[in-house]
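Q: A structural model of the following input is requested.
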Amino acid sequence: MQARHLQNSNYPGHESNMQQLINNIVSAIHSGNHADALLMARELAKTFPNDEGVLSLLAISEQNAGDLATARRILERLVDEHPATWQHWTNLGNVCRLLGELPDAASAYAHALSLNPDSARLRANLGLLHLNLGEYPQARENLCMASTLPGAEPGMRVWAAVACQASGDDATAAALIEGWQHWPAISEEAMLELGWLLMLLGDQVSGERVLSGEFQDSSLRTRALARRIMALERVNKISQAVELMRQVQEPSQIDDRQARMETLQAIAAVATREKNHAAARQALESALSLDQPIRYRRPLLFALARVCDSLGDVDAAMMALNDAHSAEASELIQRDGEQLAGTGLLALAHPMYRLGTSASWPSDDAPALDESPVFLVGFPRSGTTLLEQMLAAHADFESTDEQPMLQRVLERIRERGIQYPNGLASLSAIDRLGLREMYWHESRKLVTLKPGQRLVDKHPLNFLALPLIRFLFPNAPVLFCRRHPCDSILSSYMQDFRDPRLAAECASLERLANLYVTLDQRWQEDVRQFPQNILVLRHEDLVSKTEVELRRLGDFLGVEDTSSMIRFNEHALARGFIGTPSYAQVVQPINSEAAGRWRRYAAHVAPILPTLAPIIDRWGYAD
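A: Now for the predicted structure:
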């Protein structure tokens with residue numbers, strides 16, 4: 001909290017006594033003697049009840065002593081009497097944030113920023129507030145801006161990277177923390193987030209090293225241990241996570257609410273992997289009872305829904321999911337109709353990105369089939385990760401683990417002022433060659449192909465960019481994964497997607513069903529124009545008739561021996577970090593447990609069946 005300059009000119013004769021008392025209060029605050037500081041500040045306020053500086057110091061003392069409500073009342077008086085003083089608005093925002101009154105905190109921070117727009121710390125405070133509210137695009141905007149302003153601290157780059165990663169932009173997140181080893185010292189909390197972020201970006205070694213460091217704050221030590229356990233679970237090292245659990249403190253003995261919540265989350269993660277779903281449910285419900293900000297609540301709610309699903313408690317699962325999506329749904333209503341622009345793949349579903357006429361591009365410079373990427377696409381949660389791991393288990397293929405390489409090319413096209421997709425015809429062969437090389441350049445940042453290896457570009461929504469795929473790689477094989485629409489939709493509803501637009505579309509089963517119809521219509525339209533080299537694989541057949549389907553896949557790709565693909569789970573387990581929601585499933589042997597899961601949710605799914613009926617019938621899923 002920042003103290004306003006103390007004004008004592010209106011109290012002649014008291015200056016020396018007042019200044020001495022002020023010095024004593026400040027000294028007590030700096031030494032952590034908050035009780036003494038509060039007694040002196042209250043005494044000072046009795047003598048100078050209307051002094052702006054004295055009231056500011058009293059608010060600081062009340063806050064430090066734990067009386068946040070009183071501190072807020074004092075600060076509300078100060079902003080009312082001195083509305084042009086940005087420090088009072090900042091202090092009010094800080095107190096509201098600590099009280100859990102996040103909308104009021106956001107309003108106060110925004111007002112402070114309007115008075116002092118070049119303050120990096122103010123901008124960062126507002127960004128962190130949006131982060132806690134789960135408003136990741138706003139958090140990203142403010143934190144990235146804060147990290148570039150004069151006076152920005154290195155730790156602000158960490159928080160900006162956290163917001164970018166939460167928004168699905170791993171590339172920017174990685175760029176923001178590049179060279180972190182050479183930064184000046186950052187706060188312990190920023191260091192904790194840096195370690196976790198490194199883990200999420202796939203740098204397990206560096207992340208473990210940071211999280212295993214010496215944290216002086218006991219609550220941060222507890223949180224770091226919990227994050228290490230969750231990181232081990234995330235890379236499928238369950239035995240090591242179980243071993244580390246021996247160091248975990250009994251949650252009821254942990255005073256800090258955030259540390260207790262993260263400990264319970266770690267306990268639930270390990271219990272889930274050990275199939276002790278009852279214990280996982282108990283831990284998650286205890287964590288949710290702590291009533292933390294939505295940033296932390298949402299993952300807990302999704303995890304609780306999956307645990308309840310495993311326990312067969314369908315109604316409890318749907319209750320948790322409805323709670324998880326409620327904030328997204330209300331925000332989506334306000335923004336409906338404002339999502340036509342943007343560079344995300346899902347934006348391509350809008351009619352403005354339809355091919356207006358029959359498209360035909362020269363293909364004499366096109367790479368051959370076996371020199372082109374293998375594009376693996378489908379509606380989200382349709383089995384693309386399983387098929388990716390099967391391909392990656394074969395020596396002839398290397399996967400990029402769901403990276404936006406095509407999206408980068410699309411962004412370059414837009415930067416040049418080319419209207420996609422109808423403007424592709426205006427590009428020359430040299431232009432096409434440059435864009436193709438850009439795609440390969442992006443891929444080389446991620447993987448190094450050995451001689452004879454082929455790249456597997458798995459990104460479900462890439463099917464919305466089929467015209468771009470055919471423009472760059474006319475001969476590329478495209479694998480389209482298909483699953484019962486109800487299973488795909490239900491599974492999507494159960495996921496906490498990082499892509500903000502996709503997460504918004506998952507706000508309700510009804511909205512997902514409408515999206516599914518829109519995406520299916522676009523796919524059918526584009527396939528009529530580009531029907532070549534497309535293989536459709538049904539997820540249900542892949543898990544029930546695995547050898548037959550892999551043989552069909554091998555024939556399509558020109559691979560004779562597909563036996564290694566059946567042992568995909570062994571390869572996936574050795575791989576470590578897998579950046580999709582199915583990371584836990586793909587290290588297990590093939591099974592059909594999730595097939596037809598939607599039937600257990602028949603009562604909840606019934607309202608969307610009429611919308612999906614034509615697709616269900618056309619795809620052969622009708623009973």
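
Q: Any idea how many residues pack against residue 426?
A: 9 (other Cβ atoms under 10 Å). No exception for glycine: its C-beta is placed from N, CA and C like everyone else's.

Q: now the one 10 residues further on
A: The number of residues packed around residue 436, counting by other Cβ under 10 Å, is 18.

Q: Same question for the one 10 residues further on.
A: The number of residues packed near residue 446 is 14, by other Cβ under 10 Å.

Q: Check the one 5 residues further on too.
A: Neighbours of residue 451 under the rule other Cβ under 10 Å: 4.

Q: Mind checking what secondary structure it has?
A: coil (DSSP: H, G, I helix; E, B strand; the rest coil).

Q: And the pLDDT for it?
A: Note on residue 451: pLDDT of 91.

Q: Looks to me like residue 551 is in a strand.
A: No: assigned with three-state DSSP, residue 551 falls outside any strand and is helix.

Q: Not counting sequence-adjacent ones, nearest residue to it?
A: Take residue 551 and drop its neighbours on the chain: the residue closest to it by Cβ to Cβ, 6 or more residues apart in numbering is residue 562, 6.4 Å away.

Q: Surely the one you found is in contact with residue 552?
A: No: counting by Cβ atoms under 8 Å, residue 562 stays clear of residue 552, with 9.4 Å between them.

Q: Quick check: what element follows the worst-scoring helix or strand of the chain on mean pLDDT along the chain?
A: Least confident helix or strand, the chain: helix 568-575 with a mean of 61, by mean pLDDT, DSSP states H and E. Using DSSP states H and E, the helix or strand that follows helix 568-575 in sequence is helix 602-605.

Q: got the buried residues for that following helix?
A: By neighbour count with 16 or more other Cβ atoms under 10 Å, helix 602-605 contains the buried residues 604, 605.

Q: repeat for stretch 174-185
A: Buried residues in stretch 174-185, counted by 16+ other Cβ under 10 Å: 174, 176, 177, 180.

Q: Point out the least confident one among those residues.
A: residue 174 (93).

Q: Give me the nearest residue to that residue, chain neighbours excluded.
A: Residue 174's closest residue in space is residue 201 (Cβ to Cβ, 6+ apart), at 5.6 Å.

Q: show me where the stretch 201-350 of the chain has helices.
A: 204-211, 218-234, 238-244, 257-273, 277-288, 294-310, 314-335 (DSSP state H, counting those that start in this stretch).

Q: Could you verify that residue 456 is part of a strand?
A: Yes: looking at residue 456 with three-state DSSP, it is inside a strand.

Q: for it, what are its contacts?
A: 373, 374, 376, 388, 391, 392, 397, 398, 399, 400 (Cβ atoms under 8 Å, 6 or more residues apart in numbering).

Q: Kindly recompute the last result at 10 Å.
A: Residue 456 sits next to 373-376, 387-392, 394, 396-401, 447, 477, 479 when contact means Cβ atoms under 10 Å, 6 or more residues apart in numbering.

Q: just to revisit the earlier point, dump the helices of the stretch 201-350 of the chain into TSV; add mean pLDDT as well.
A: Converted to TSV, the helices of the stretch 201-350 of the chain look like this (pLDDT from 0 to 100):
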stretch	mean pLDDT
helix 204-211	92
helix 218-234	92
helix 238-244	92
helix 257-273	95
helix 277-288	97
helix 294-310	92
helix 314-335	74
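
Q: out of those, nearest to residue 36?
A: helix 218-234 (23.9 Å; Cβ to Cβ).

Q: At the geometric centre of this structure, which residue sits there?
A: Centroid check for the chain by Cα atoms, centre = their mean gives residue 166 as the closest residue, at 2.8 Å.

Q: quick one: contacts for the residue nearest to that residue when sequence neighbours are not counted?
A: Take residue 166 and drop its neighbours on the chain: the residue closest to it by Cβ to Cβ, 6+ apart is residue 136, 4.5 Å away. Going by Cβ under 10 Å, 6+ apart, residue 136 touches 130, 162-169, 295, 498, 500, 503.

Q: Determine the set of other helices and strands touching whichever helix or strand residue 28 is part of.
A: Assigned by DSSP H and E, residue 28 belongs to helix 15-30. With contacts defined as 3 or more Cβ pairs under 10 Å, 6 or more residues apart in numbering; DSSP states H and E, helix 15-30 has these neighbours: helix 34-47, helix 52-64.

Q: Distance to residue 98 for those helices - can I get that in TSV?
A: Formatted as TSV, the helices and strands packed on helix 15-30 follow (distance: least, Cβ to Cβ, whole Å):
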stretch	distance to residue 98
helix 34-47	14
helix 52-64	7
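
Q: could you check the distance from residue 425 over to residue 353?
A: Look at residue 425 and residue 353: by Cβ to Cβ, to the nearest Å, they are 15 Å apart.

Q: Between these two, which has more neighbouring residues?
A: residue 353 (18 against 13).

Q: Please verify my assumption that the more buried one contacts residue 522.
A: Yes: using Cβ atoms under 10 Å, residue 353 makes contact with residue 522 at a distance of 8.5 Å.

Q: about what we covered before: comparing the helices and strands packed on helix 15-30, which stretch has the densest surroundings?
A: Comparing those by mean neighbour count (mean count of other Cβ atoms under 10 Å), helix 52-64 ranks first with a mean of 24.

Q: Give me the buried positions along stretch 474-484.
A: Neighbour-count burial for stretch 474-484 [16+ other Cβ under 10 Å]: 474, 476, 477, 478, 479, 480, 481, 482, 483, 484.

Q: Between the two ends of it, what distance do you get?
A: Start and end residues of stretch 474-484 are separated by 29 Å (Cα to Cα, to the nearest Å).

Q: State the mean pLDDT of that stretch.
A: Mean pLDDT, computed over stretch 474-484, is 96.

Q: which residues are common contacts for residue 353 and residue 522?
A: By Cβ under 10 Å, 6+ apart, the residues touching both residue 353 and residue 522 are residue 464.

Q: List the contacts of residue 174.
A: Neighbour list for residue 174: 161, 164, 165, 197, 198, 201, 202, 203, 445 [criterion: Cβ under 10 Å, 6+ apart].

Q: Show me the residues you listed that map onto strands.
A: Assignment to strands by DSSP state E places none of the contacts of residue 174 there.

Q: Just read off the phi/psi values of residue 534.
A: The phi and psi values for residue 534, taken as degrees, to the nearest 10, are phi -120, psi 130.

Q: Now it. Nearest residue, chain neighbours left out?
A: In space, and not counting its chain neighbours, residue 534 is closest to residue 478: 4.7 Å by Cβ to Cβ, 6+ apart.

Q: again, but for residue 285
A: Once flanking residues are discounted, residue 285 sits nearest to residue 304: 6.8 Å by Cβ to Cβ, 6+ apart.

Q: Check residue 484 too.
A: Residue 484's closest residue in space is residue 621 (Cβ to Cβ, 6+ apart), at 5.1 Å.

Q: What is the neighbour count of the nearest residue to residue 260 once chain neighbours are set aside?
A: In space, and not counting its chain neighbours, residue 260 is closest to residue 254: 4.1 Å by Cβ to Cβ, 6+ apart. Using other Cβ under 10 Å, residue 254 is surrounded by 21 other residues.
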